[in-house]
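Q: coordinates for the following, if possible.
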Amino acid sequence: MKSLGYVECNGLSGAIVAADRMLKTADVDLSSIQNTKGNGWVTLQVSGELSAVTVAVEAVKDYLPDVYVTSTVIGRPASGLSSLGKTDLLSQNSAEKEPAKPAEKTVVIEPKPVENSIDEKVDKQTDETSSQNIKPLSDNSQKVDDSDKEQQNVSSNEKVTCNMCGDPKCPRKLGEPHKKCIHYNELKKK
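A: Numbers count the residues shown, from 1 in each chain. Prediction:
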């Protein structure tokens, strides 16, 4: 009877290296690579004889401690256990797309312009009064506007790589573990 082994790894690239190590170390079959929720972890599922699965899991634990997070080996799994959590990351999208349904005919009614509106008369009156009350801007307000534009240009030049905090100074990149974000503890409290 086949047994199952699960190994959680840090990141997809680390999981691929760990899967390579397990497949080269023992006679096991890689059943799936599953994406876990949060922390950027990936779960590898292998199957084979109990001794081979145990050796493969121990190989990852011993030779790749930076990648290894946790593991478990199930000697005699229940019949439905191997199908739990199947979200294969490396397989192509096998879901068949439904044929496109023909769009229903819709009637488009275009609005007609309103003539002799009261709003036009009111707009003319407000334009006349507002043109009389306009004062020229002072030089101080123009200086403030220029300094605001400079600050916007400086902030737009810095590239934001962290999608959690949006801080350009954060070293975390998209796809990396959340704990690498410099604002992780602040965001975790919210």
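Q: could you use CA atoms for every contact and neighbour count after this?
A: Fine.
Q: contacting residues around T36?
A: 42-43 (Cα atoms under 8 Å, 6 or more residues apart in numbering).
Q: just confirm A18 is within a helix.
A: Yes. Counting by DSSP: H, G, I helix; E, B strand; the rest coil, A18 is located in a helix.
Q: for burial, what's the neighbour tally of it?
A: 26 (other Cα atoms under 10 Å).
Q: can you give me the distance of it to G38?
A: 20 Å (Cα to Cα, to the nearest Å).
Q: ok, now T25?
A: Note on T25: its distance to G38, by Cα to Cα, is 29 Å.
Q: between the two, which one's more packed in?
A: Using other Cα under 10 Å as the criterion, T25 and G38 rank with T25 on top: 17 against 9.
Q: how about the more buried one, nearest residue that isn't a chain neighbour?
A: Nearest non-adjacent residue to T25, counting by Cα to Cα, 6 or more residues apart in numbering: A56, 5.9 Å away.
Q: what helix or strand is that neighbour on?
A: helix 50-63 (DSSP states H and E).
Q: how about that helix: buried residues?
A: 50, 52-61 (16 or more other Cα atoms under 10 Å).
Q: direction included, what does the next helix or strand after it pair against?
A: Downstream of helix 50-63, the first helix or strand assigned by DSSP H and E is strand 68-74. Strand 68-74 pairs in its sheet with strand 3-10 (antiparallel), by DSSP bridges.
Q: hmm, who's touching the partner strand?
A: Under the contact criterion Cα under 8 Å, 6+ apart, strand 3-10 has outside partners 15, 18, 40-50, 53-54, 57, 66-77, 82.
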